[in-house]
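> got a sequence here, can you model it:
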Amino acid sequence: MSMGKEAVVFRATRNPRKLKKGEAPYVAVKIYKIETTSFLNMYDYLVGDRRFSKVKKNRFDIIMAWAKKEYANLSLAHRAGVRCPKPIACMRNAVVMEFIGREGEMYPTLQNNGPVDAESDFAAIVKYMKLMYGAGIVHADLSPYNIIITEDGPVVIDMSQAVVLTHPKANEFLRRDIYNIVKYFRKFGVRKEEGEVYSFVTDSKRSRKTGNKTR
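The predicted model follows:
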């Protein structure tokens, strides 16, 4: 379905004999390239994360941890109520997750198709940033390229680089995410200030029910 510097994403077909009622016939399989040139950059996003504090600074271990990190971040976000692919399994450098598409075709990204309803889609994305923050993570690469747009609203994808709030650059990454989203939606008439969005996302009155076990 897509190919990037770090990973290739495939659509896979479930065994029809094992499909449960209501289950989609497809899943997405994201396979991280072992020979990626950016593995040292990956290590920088693992800093300050207790879940991966023992990862050795070598290509193989970092990429194995990167797949586990995406699975863990998707799990956190999904439990917090963020619309993102539901994680299904993780093995070595592969992550299996919910397929976000219709009739076997992946939905387009926000960058490619634009919003369905700019005000509503913007509000949903900001809400998801807040939910992620409440769950203890910052996406750290949120942009129109990493948001799928559906008739039911936006879906956040590519969670491998998401960092915990104890990461030394977590606040910087959050502000960058907000900047990217605010700037993009201005083209569609949504006029919001970055500071206003930042205050909303980081409001200390955010839900505590989710907890913050990753800190």
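
> now do the same end-to-end measure for stretch 20-40.
Taking Cα to Cα, to the nearest Å, the first and last residues of stretch 20-40 lie 41 Å apart.

> who's in contact with that stretch?
Contacts with stretch 20-40, where a contact means Cβ atoms under 8 Å, 6 or more residues apart in numbering, come from 1, 5-14, 16, 19, 42, 57, 59-60, 62-63, 66-67, 70, 85, 88, 93-101, 104, 106, 160. (C-beta placed from N, C-alpha, C; glycine too.)

> buried only: go through the residues you listed for me.
Applying 16 or more other Cβ atoms under 10 Å to these, the neighbour count classes 6-7, 9, 42, 59, 62-63, 66-67, 70, 85, 88, 93, 95-101, 106, 160 as buried.

> for the protein, what spans make up the strands?
2-3, 7-13, 26-32, 87-91, 94-98, 101-102, 105-106, 137-138, 147-150, 153-156, 163-164 (DSSP state E).

> in the chain, where is pLDDT below threshold?
37, 204-215 (pLDDT under 70).

> how about the residue minimising distance to the centre of it, what does it touch?
Ranked by distance to the mean C-alpha position of the chain (Cα atoms, centre = their mean), the top residue is Met159 at 2.9 Å. Shown in contact with Met159 (Cβ under 8 Å, 6+ apart): 70, 73-74, 77, 84, 139.

> now, which of these sits nearest Phe200?
Comparing the contacts of Met159 against Phe200 with Cβ to Cβ places His139 closest, at 15.4 Å.

> tell me how many other residues crowd the closest one.
When counting by other Cβ atoms under 10 Å, one arrives at 30 neighbours for His139.

> likewise for Ile34?
A total of 12 residues lie near Ile34 under the criterion other Cβ under 10 Å.

> can you check Asp177 too?
Residues lying near Asp177 (other Cβ under 10 Å) number 24.
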